[in-house]
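1. here is a sequence with its predicted model. Questions after.
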Amino acid sequence: MLGKGNNAQNNASAEAILACFEALYRTAFRLTGNKAHAEDLVQETYLRAWRSLSQLHGLSGVQPWMFRILRTVFIDQLRRESKRPKLVTDVEKMLAAWEQPSPPDVSDVKDRRNLDEVFDQEILSAMTELADEDRLALLFQAVGGLSYREISEAMECPIGTVMSRIHRAKRLLRRRLAANGKSYGIVRATALEEEQRDAEA
Amino acid sequence: MPKLNCQEAQNLLEAFHDNELDGVSSLAVQEHLDECPYCRRQWRWLCEVEGSLQRLSESTPSATQDLRRRILQPTSPQVSPVLRFFRTHVRLTLVSALTLLLALAAAVTLREITRADVMLFVRDSAKMAQNAALVDLRAANPKEAEQRLKEHLGFAPTVPNPSGFKLVGVRCCQINREPVGLLLFEGNGQQLSCYIGRSSMTALRGFDDATRKGIKLGTCEGRRVAAWDAGNVSYLMVSDLTKDALLAMANEVVNSTSRSLKQ
């Protein structure tokens, strides 16, 4: 009976682990910035998860548990990378810079889509400047879809720390967007316009 | 909750956007935003950031089928359960290994410390042999000495017969709570003492040298000491002879005792 119970529990755990696959991969992709590294990261994450499946008791915490493993593997890889001299240029980043759209004319409302593209590129670029733990917290929330409580479990830190990390990360991103908006002269169409309206009011 | 200032409100903006604040804090942030154009501007930039993050999340490519297959069939070699246990419990393994190492080091050190010194042995032996209540046999007969030793030690050791020396007596006593036989030889005005016991006397600390045949050499208060083991019996000789002479004597006795053991 006990054996059957354990088997059923293991099957349920395995199913719950597999259900995290897409969220893990998407987070890994945004963390590493390229497909090959993301695949390595996810594969190693699952390898470790299968090995320690017996440590997973309750199913409610499966997603934080998987993200915790992902974080550990990612930090291990970062440490290994930092010891190795960097020989390969990040091609995707180079291409992204090359394909950066030209500054839009925001007086034209139709150009909002182009503006979004500029902002998205700026955000991608700014994310590489974040501290690793801040970036992890941000991506776990924005791409992985974890709540602050789940992130605190995944990162093994208090919820207040998660709040600070996400605040720090997003503050940097909004400052970068604001600076970018000003330098392209697009603040007028977004925030500056409303700011003036506020001032008038 | 008291009204928030700009700094406090901005610290909570992200959590407010993510619906992670409790009702009171949420209301406080909302009230501040209603009143503060500066923070409203920050809020709008935050909404731009959130919009970008949303788009980036949605545009992230999906994983390939190949990766799905790979995570279902791990390619790592099969490891034994023991190795797997050590891999998953790295800390426990390290602590256990460290504890084992410390215990081993402690055991070796303790053994080293508790092992008696050959100097002490010889000094104690001399005193104990002098105070021995047992027989002080003036006998030059090796057979008689062998019989006496057999009665005291519980076994019959080969009685050495060093050339140039004559057996003049045998004493039996307890050294370190073990029965030890002491044979006294004389020759050319010199004395030679030979201790015989079960416990290995070569294991004592403080010897200076050792030969290939396992004879250990040392000095105790100016007197030369040589010790060796033959089968289950251990011998220790003390004399005023030179090192070379005592070694030659010990070699001769070793050879003769091993011959008698073979017979």
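-> Cool, got the structure.

2. make it CA atoms for all contacts and neighbour counts henceforth
-> Fine.

3. correct me if wrong: A:V73 contacts A:D40.
-> No. Between A:V73 and A:D40 no contact is recorded; they are 9.7 Å apart, counting by C-alpha atoms under 8 Å.

4. who has more neighbours, those two?
-> A direct count of neighbours by other C-alpha atoms under 10 Å in any protein chain shown for A:V73 and A:D40 places A:V73 higher, at 19 against 16.

5. who are the contact partners of the more buried one?
-> A:41, A:44-45 (C-alpha atoms under 8 Å, 6 or more residues apart in numbering or on different chains).

6. again, but for A:I17
-> For A:I17, the contacting residues are A:62-63, A:66, by C-alpha under 8 Å, 6+ apart.

7. now list the buried members of the contacts of A:V73.
-> A:41, A:44-45 (16 or more other C-alpha atoms under 10 Å in any protein chain shown).

8. adding secondary structure and distance to chain B, write those residues out as CSV.
-> Output for the buried ones among the contacts of A:V73, formatted as CSV (DSSP: H, G, I helix; E, B strand; the rest coil; distance: C-alpha to the nearest C-alpha, whole Å):
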residue, secondary structure, distance to chain B
A:L41, helix, 11
A:E44, helix, 8
A:T45, helix, 9
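
9. phi, psi of the residue nearest to A:R26 when sequence neighbours are not counted?
-> Using C-alpha to C-alpha, 6 or more residues apart in numbering or on different chains and skipping residues adjacent in sequence, the residue nearest A:R26 is B:T60, 6.0 Å away. As for B:T60, its main-chain torsions (degrees, to the nearest 10) stand at phi -70, psi 130.

10. give me the pLDDT for B:T60.
-> pLDDT recorded at B:T60 is 89.

11. do the same with A:N6
-> So, for A:N6, pLDDT stands at 63.

12. likewise B:S25?
-> Residue-level pLDDT assigned to B:S25 equals 92.

13. that one and A:Q141, how far apart?
-> Here B:S25 is placed at a distance of 21 Å from A:Q141 (C-alpha to C-alpha, to the nearest Å).

14. swap in B:L167?
-> 96 Å.

15. the two - which one has more neighbours?
-> Between B:L167 and A:Q141, B:L167 has the larger neighbour count (other C-alpha under 10 Å), namely 22 against 19.

16. close to chain B, is the host helix or strand of A:K170?
-> Assigned by DSSP states H and E, A:K170 belongs to helix A:159-184. Yes. Using C-alpha under 8 Å from any C-alpha of the partner chain, we find that helix A:159-184 touches chain B at A:163-164, A:166-167, A:170-171, A:173-174, A:177-178.

17. so which residue of the stretch 151-263 of chain B comes closest to chain A?
-> As assessed by C-alpha to the nearest C-alpha, chain A sits closest to B:R205 within the stretch 151-263 of chain B, at 49.4 Å.

18. residues near that residue, how many?
-> B:R205 has 18 neighbouring residues, counting by other C-alpha under 10 Å.

19. for it, what are phi and psi?
-> Here B:R205 shows phi and psi, under degrees, to the nearest 10, equal to phi -80, psi 160.

20. that one pairs with what?
-> For B:R205, the beta-bridge assignment (DSSP bridges) gives partners B:D117.

21. for it, give its distance to B:C173.
-> Counting by C-alpha to C-alpha, the gap from B:R205 to B:C173 is 22 Å.

22. quick one: the strands in the stretch 1-150 of chain B, in order.
-> B:136-137 (DSSP state E, counting those that start in this stretch).

23. what does it put close to chain A?
-> Going by C-alpha under 8 Å from any C-alpha, the residues of the stretch 1-150 of chain B near chain A are B:11-15, B:20, B:37-38, B:41-42, B:44-46, B:48-49, B:52-57, B:60-63, B:67, B:70-71, B:74, B:76, B:84, B:88.

24. narrow the residues you listed to those that are buried.
-> Buried members of those, scored by 16+ other C-alpha under 10 Å, are B:11-15, B:20, B:37, B:41-42, B:45-46, B:48-49, B:52-53, B:56-57, B:63, B:67, B:71, B:74.

25. per-residue pLDDT, B:S96?
-> Looking at B:S96, its pLDDT reads 86.

26. do the one 3 residues further on as well
-> What the model reports for B:T99 is a pLDDT of 90.

27. and it, how far from chain A?
-> 25 Å (C-alpha to the nearest C-alpha, to the nearest Å).

28. who are the contact partners of that residue?
-> So B:T99 contacts nothing (C-alpha under 8 Å, 6+ apart).

29. from B:L92, how far off is it?
-> 10 Å.

30. anything in contact with each of those two?
-> By C-alpha under 8 Å, 6+ apart, no residue touches both B:T99 and B:L92.

31. look up how far B:P160 lies from A:H37.
-> For A:H37, the distance to B:P160 (C-alpha to C-alpha) stands at 80 Å.

32. give me the more crowded residue out of those two.
-> Neighbour count, other C-alpha under 10 Å: between A:H37 and B:P160, B:P160 has more, with 19 against 16.

33. out of everything not next to it in sequence, what's closest to that one?
-> B:V253 (5.9 Å).

34. how far is stretch B:8-20 from where the chain is centred?
-> 59 Å (C-alpha atoms, centre = their mean, to the nearest Å).

35. contact partners of that stretch?
-> A:148, A:163-164, A:166-167, A:170, B:21, B:26, B:29, B:32, B:39, B:42-43, B:46.

36. how far away is the residue of chain B positioned farthest from its centre from chain A?
-> What lies farthest from the middle of chain B is B:E35; by C-alpha atoms, centre = their mean that is 73.5 Å. From B:E35 across to chain A, the span is 10 Å (C-alpha to the nearest C-alpha).

37. residues in contact with B:G164?
-> Contacts of B:G164 by C-alpha under 8 Å, 6+ apart are B:187-188.

38. which secondary structure state is assigned to it?
-> Classification of B:G164 by DSSP: H, G, I helix; E, B strand; the rest coil places it in coil.

39. where's it relative to A:G61, distance?
-> According to C-alpha to C-alpha, B:G164 and A:G61 sit 90 Å apart.

40. just the buried positions in stretch B:239-255, please.
-> B:239-241, B:243, B:246-247, B:249-254.

41. tell me where the model's unsure across chain A.
-> Applying pLDDT under 70 to chain A flags the ranges A:1-10, A:57-60, A:83-111, A:182-201.

42. got the residues of it near chain B?
-> A:22, A:25-26, A:29-30, A:39, A:42-43, A:46-47, A:51-52, A:116, A:119-120, A:123, A:142-143, A:148, A:163-164, A:166-167, A:170-171, A:173-174, A:177-178, A:191, A:194-195, A:198-199.

43. what's near enough to touch residue 65?
-> By default, I'm working from chain A. For A:W65, the contact set (C-alpha under 8 Å, 6+ apart) comprises A:153-154.

44. no further questions, thank you.
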